[in-house]
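Q: fold the following.
(one chain, ligands or ions: 1)
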Amino acid sequence: MIVFMENLEKLKAAVRGKKIILFGPPGCGKGNRSRDLRALGLVHVASGIALRAKVRNDPDSELSKKAFEFMKRGDLVPDEIVVNIVMEHLNREECQKNGFVLDGFPRTKAQAEVLFSQVDIDLVLHLDVPRKFLAYGVVEGHRRACVDCATGYSDFDTPEVEGVCDKCGGSLVRRADDNTETIENRLKLYDEQTKSFLQDFEAKGIVEVLPITVSDDEEIDDTYLKKLKGEVYWGQTDKGGKARMLNFEGMRKRLYKLLAEKFT
Ligand code: ADP
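A: Have a look, this model is predicted:
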């Protein structure tokens with residue numbers, strides 16, 4: 001099923017008020033999928049963006065200094081700091097009214113417990129992206145994001161003009177913590193502290209998997225595949241084989257199809 005423009009309005013109405021968690025390791029595309037969900041009217045609440053904003057806007061506070069110490073190493077910021085910042089966002093009227101997409105939270109079991117004790121989550125979208133591609137995409141693929149609207153780019157999804165966001169004209173920057181050491185640490189923490197409680201969500205029957213790879217027998221238009229220097233990109237899967245990867249448009253199409261099947 002293809003989501004045409006007229007169906008988009010239906011989809012927006014169907015997802016209005018929904019509370020969705022994006023679940024997946026660093027560099028799996030949570031930022032870009034959040035943008036797709038924001039385009040449907042959901043409010044984007046990203047713990048990483050909220051923390052960086054706190055540190056930037058209030059650099060001298062003890063809380064900011066403490067948070068920054070953890071962030072620059074790629075370590076998890078203590079639960080009590082993150083939980084307060086995120087829950088304060090979620091309790092705002094715009095989130096209650098329009099629904100939200102939660103990006104980067106919860107990352108520990110304690111965070112998940114606070115969240116689930118206070119909010120009824122409708123859907124956890126598990127962004128299932130091969131490990132090899134995660135580290136490669138962030139570091140070698142030169143991940144960068146718009147300072148204004150947070151749209152993400154890389155060597156696979158390049159902007160039309162280097163350094164300038166296609167969507168809003170904002171400047172593109174690389175994050176200071178996008179280097180080989182911190183990405184390895186962030187992936188390790190994901191394995192040790194975050195991935196383990198996905199099964200608690202699965203037990204509630206609210207998880208849907210959104211894979212980035214395309215199976216060998218799936219016929220797909222080239223325009224929906226990732227390209228590197230004009231060639232379709234074959235990423236290494238976790239099982240050791242190779243698979244074609246969806247690009248930004250392809251993932252959006254797959255996401256909207258999943259939401260339409262689930263909520264309409
Ligand atoms: P990424 O998904 O690429 O790691 P984020 O922007 O989500 O990027 O997070 C950046 C940093 O902010 C993390 O490395 C961590 O230090 C901190 N952070 C973000 N969300 C959380 C969270 N839920 N719990 C603890 N620390 C967090």
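
Q: quickly find the element holding the residue in the stretch 151-264 of the chain that the ligand sits nearest to.
A: Residue nearest to the ligand within the stretch 151-264 of the chain: residue 186 (4.8 Å; C-beta to the nearest ligand atom). For glycine as for every other residue, the C-beta is placed from the backbone atoms N, C-alpha and C. Following DSSP states H and E, one finds residue 186 within helix 180-189.

Q: avg pLDDT for that helix?
A: Average pLDDT, helix 180-189: 90.

Q: what helices and strands are in contact with that helix?
A: helix 62-73, helix 131-135 (3 or more C-beta pairs under 8 Å, 6 or more residues apart in numbering; DSSP states H and E).

Q: could you point out which of these sits nearest residue 10?
A: With C-beta to C-beta, the closest approach to residue 10 among the helices and strands packed on helix 180-189 belongs to helix 131-135: 33.0 Å.

Q: which ones are touching residue 152?
A: By C-beta atoms under 8 Å, 6 or more residues apart in numbering, the contact set of residue 152 is 29, 31, 32, 143, 144, 145, 146.

Q: let's see that with 10 Å instead.
A: Shown in contact with residue 152 (C-beta atoms under 10 Å, 6 or more residues apart in numbering): 27, 29-35, 137, 143-146, 165, 172, 248.

Q: and if you look at residue 201?
A: 21, 23, 106, 112, 116, 121, 123, 124, 126, 207.

Q: just flag the most distant two among those.
A: 116 and 126 (16.3 Å).

Q: let me know the pLDDT of residue 95.
A: pLDDT, read off for residue 95, is 96.

Q: would you say it is within a helix?
A: Yes. Counting by DSSP: H, G, I helix; E, B strand; the rest coil, residue 95 falls inside a helix.

Q: that one contacts residue 20, doesn't it?
A: No. Counting by C-beta atoms under 10 Å, residue 95 stays clear of residue 20, with 11.4 Å between them.

Q: what residues do the two have in common as contacts?
A: 42, 101, 102.

Q: contacting residues for residue 17?
A: By C-beta under 10 Å, 6+ apart, the residues touching residue 17 are 41, 42, 95, 96, 97, 98, 99, 100, 122.

Q: as TSV, those residues with neighbour count would be great.
A: Below are the contacts of residue 17 laid out as TSV (neighbours: other C-beta atoms under 10 Å):
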residue	neighbour count
41	15
42	23
95	20
96	14
97	11
98	16
99	19
100	25
122	15
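
Q: and those residues as CSV, adding distance to the ligand?
A: Output for those, formatted as CSV (distance: C-beta to the nearest ligand atom, whole Å):
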residue, distance to the ligand
41, 22
42, 17
95, 17
96, 21
97, 24
98, 22
99, 20
100, 15
122, 20
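
Q: of these, which is the nearest to residue 235?
A: Residue 235 has its nearest neighbour among the contacts of residue 17 in residue 42, at 28.2 Å by C-beta to C-beta.

Q: higher neighbour count, residue 116 and residue 126?
A: It is residue 126, of residue 116 and residue 126, that has more neighbours when counted by other C-beta atoms under 10 Å, with 19 against 14.

Q: the helix or strand containing the more buried one pairs with which strands?
A: Secondary-structure assignment from DSSP H and E places residue 126 in strand 123-128. Here strand 123-128 has these sheet partners by DSSP bridges: strand 19-23 (parallel), strand 207-211 (parallel).

Q: pick the most deeply packed of these.
A: Greatest average neighbour count among these goes to strand 19-23 (a mean of 24), per mean count of other C-beta atoms under 10 Å.

Q: export only the CA atoms of it, formatted as PDB.
A: What follows is strand 19-23, C-alpha atoms only, in PDB (Å, rounded to 0.1, in the frame of the first residue of the first chain):
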ATOM      1  CA  LYS A  19       2.300   8.400  22.100                       C
ATOM      2  CA  ILE A  20       5.200   6.800  20.300                       C
ATOM      3  CA  ILE A  21       8.700   5.700  21.400                       C
ATOM      4  CA  LEU A  22      11.500   5.400  18.800                       C
ATOM      5  CA  PHE A  23      13.700   2.600  20.000                       C
END
